[in-house]
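Enquirer: this one's structure only:
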Ligand code: 4AZ
């Protein structure tokens, strides 16, 4: 996160740190005890499930503590529209955690899911939302850090689709945030949440997806618009109706 500040432990308890293979990293958001939402482009090389670790309750990058819980992955699911040839389109993936001793994540002060918005939820342009992550603090920096948080404003589609901004690279399944160059997501923050709160309840409104550099003028961060995928998310994570009992 560029222009953020260190998060207080426990203030983003849905944050998931996702270690993929030897060197790839993305963030994600816990949305129920067994499911994490992240960015599909982090998984488009189809990593082996056995090569992925999901850490909940983490504060410092790659540091476990009495508050962290590490999970293996049962499966991960892309939306059917997702194509490896265009991994910034439909940039959302659902990751199912493997149960440990018959269950997935237990709620603690450091581990707790974020709410999914309803399909018709609309936060207005200019609304102030939060991003968080372990990614770079500057565009030209190679290190991951203690969890950072930053607050930024939702940007209109009209602005984001201007030819001097992103033109038609921004689709109706994306949203933009960060009108100033002060706060932005950066490398390593991908998959993490854009969390918008109403009455002190945080909702997963966007997924950190892409952008040209970090904190550049007229280049806001681009996020997957979660409300576009709500029906699909529920159809995948909803506990199947219990038949034959
Ligand atoms: C990245 O490389 C990345 N400024 C994510 C978000 C943004 C840029 C890069 C947005 O994961």
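Expert: Okay, I see it. Note that the structure is a prediction, hence the values are computed from the model and not measured.
Enquirer: ok, the residue positioned nearest the centre of the chain to residue 123 distance?
Expert: Taking C-alpha atoms, centre = their mean, the centroid of the chain lies closest to residue 192, which sits 2.4 Å from it. Distance of residue 192 to residue 123, computed by C-beta to C-beta, to the nearest Å: 17 Å. Just so you know, the C-beta spots here come from the backbone N, C-alpha and C atoms, and that holds for glycine as well.
Enquirer: residue 12 too?
Expert: 18 Å.
Enquirer: may I ask you to name the longest helix in this protein?
Expert: Longest helix in the chain by number of residues (criterion: DSSP state H): helix 230-237.
Enquirer: who are the packing partners of that one?
Expert: If contacts are counted by 3 or more C-beta pairs under 8 Å, 6 or more residues apart in numbering; DSSP states H and E, helix 230-237 sits against strand 24-32, strand 35-38, strand 93-97.
Enquirer: tell me the helix or strand right after the last one.
Expert: Same thing as strand 93-97. strand 128-133 (DSSP states H and E).
Enquirer: could you check the angle strand 128-133 makes with the helix or strand just after that next one?
Expert: Downstream of strand 128-133, the first helix or strand assigned by DSSP H and E is strand 148-155. Interaxial angle, strand 148-155 versus strand 128-133 (axes from the mean of the first three to the mean of the last three C-alpha atoms, to 10 degrees): 140 degrees.
Enquirer: between the two ends of stretch 188-205, how far is it?
Expert: With C-alpha to C-alpha, to the nearest Å as the measure, stretch 188-205 spans 19 Å from end to end.
Enquirer: average pLDDT across it?
Expert: Averaging pLDDT along stretch 188-205 yields 98.
Enquirer: and if you look at stretch 9-16?
Expert: Taken as a whole, stretch 9-16 has a mean pLDDT of 98.
Enquirer: closest residue of this protein to the ligand?
Expert: residue 211 (2.7 Å; C-beta to the nearest ligand atom).
Enquirer: how far away is that residue from residue 154?
Expert: 14 Å.
Enquirer: what does residue 103 give?
Expert: 36 Å.
Enquirer: neighbour count winner among residue 12 and residue 123?
Expert: residue 12 (25 against 20; other C-beta atoms under 10 Å).
Enquirer: from residue 153, how far out is that one?
Expert: From residue 12 over to residue 153 (counting by C-beta to C-beta), the distance is 19 Å.
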